[in-house]
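K.L.:
model this:
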Amino acid sequence: MTDPGVPVRDAATIIVLRETAGGPAVLMGRRGASAAFMPSHVVFPGGAVDPGDAAISLAGGLNPTCAARLAVESARTPNALAAAAIRELWEETGQIAGRAAPWPDAPRGWRGFARTRHRPDASGLTFVFRAITPPGRPRRFDARFFTLDANRLASDLDDFSRAEDELGALSWVPLDAVQGLRLPFITSIVLAELRAGHGRAGPPTDVPFYRDGAEEAAFRRIHGRA
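P.N.:
Below you'll find the predicted structure:
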């Protein structure tokens, strides 16, 4: 039986959107069949915040409205959450959300990124969704979802050769085809929000915050501007 006291870990996810001849597409990969969390599901790149993420100096900062919303009911700084999202994108896909610049003193966990001669750049990230994994799961996360236009990546959009092996079958999935995949429930919700707001510039009017408790599931909205 799953321990109901599983701690909730802070996490960050990047939803990279790319305009193609067939319409908008999103970068996704498949988790391994033996993964402890969401095995064999198709997901966005992302993962838990590392302790060192808070100390990362970003080459470009977050939109102030997004930063203000990320700070709501959070023990993590907005910059730590953005850095975690960028790091996870790099580790799981080999894609670089960065700005060209030397980084000779990069800390452990970021040295592969630094060897590309880039520093992490959060200026293209938009905070669009937050969700907490419900009780009864082997792992629980308080996940913040960011969107990023693929044109902001400083890497070949079709080259995943530098990715680690946590996600397989990395590909650009058309938005109108995602519902045919094996998706986590919350991923389906996030994708529905994306389709509803596709083409809108700047931060959304508010950010959905989904909490799935033991007895009820509830949405609230994170409002506010910087």
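K.L.:
Where does the residue nearest to residue 107 when sequence neighbours are not counted sit: helix, strand or coil?
P.N.:
Distances taken as C-beta to C-beta, 6 or more residues apart in numbering put residue 52 closest to residue 107, at 5.3 Å, once the chain neighbours are dropped. For every residue, glycine as well, the C-beta is placed using N, CA and C. Secondary structure, DSSP: H, G, I helix; E, B strand; the rest coil: residue 52 is helix.
K.L.:
number of nearby residues for residue 52?
P.N.:
15 (other C-beta atoms under 10 Å).
K.L.:
now residue 225
P.N.:
Residue neighbour count, defined by other C-beta under 10 Å, stands at 10 for residue 225.
K.L.:
List the residues that contact it.
P.N.:
Residues near residue 225 by C-beta atoms under 8 Å, 6 or more residues apart in numbering: 64, 65, 68.
K.L.:
what's the helix or strand for the second one?
P.N.:
Put plainly, it is residue 65. helix 64-70 (DSSP states H and E).
K.L.:
Buried ones in that helix, by neighbour count?
P.N.:
Residues 65, 66, 67, 68, 69, 70 are the ones in helix 64-70 that count as buried (16 or more other C-beta atoms under 10 Å).
K.L.:
how close does the fifth one sit to residue 31?
P.N.:
Counting by C-beta to C-beta, to the nearest Å, the gap from residue 69 to residue 31 is 28 Å.
K.L.:
what's the biggest helix by length in the chain packed up against?
P.N.:
What stands out as the longest helix in the chain, according to DSSP state H, is helix 78-93. Contact analysis of helix 78-93 by 3 or more C-beta pairs under 8 Å, 6 or more residues apart in numbering; DSSP states H and E lists strand 8-20, strand 23-31, strand 46-48, helix 64-70, helix 111-114, strand 118-120, strand 140-149, strand 167-174 as its packing neighbours.
K.L.:
Neighbouring strands - and their directions - for the third one?
P.N.:
Taking DSSP bridges as the criterion, strand 46-48 pairs within the sheet with strand 8-20 (antiparallel).
K.L.:
Residue 111 is in contact with the residue nearest to residue 107, correct?
P.N.:
No. Counting by C-beta atoms under 8 Å, residue 52 does not reach residue 111; the two are 11.5 Å apart.
K.L.:
returning to what we had before: list the contacts for the residue nearest to residue 107?
P.N.:
With contact set as C-beta under 8 Å, 6+ apart, residue 52 has these partners: 107, 108, 109, 110.
K.L.:
Determine how far stretch 85-94 lies from the middle of the whole chain.
P.N.:
How far stretch 85-94 lies from its chain's middle: 9 Å, per C-alpha atoms, centre = their mean, to the nearest Å.
K.L.:
And for residue 10, the neighbour number?
P.N.:
Residues near residue 10, counting by other C-beta under 10 Å: 18.
K.L.:
Give me the pLDDT for it.
P.N.:
Note for residue 10: predicted pLDDT of 98.
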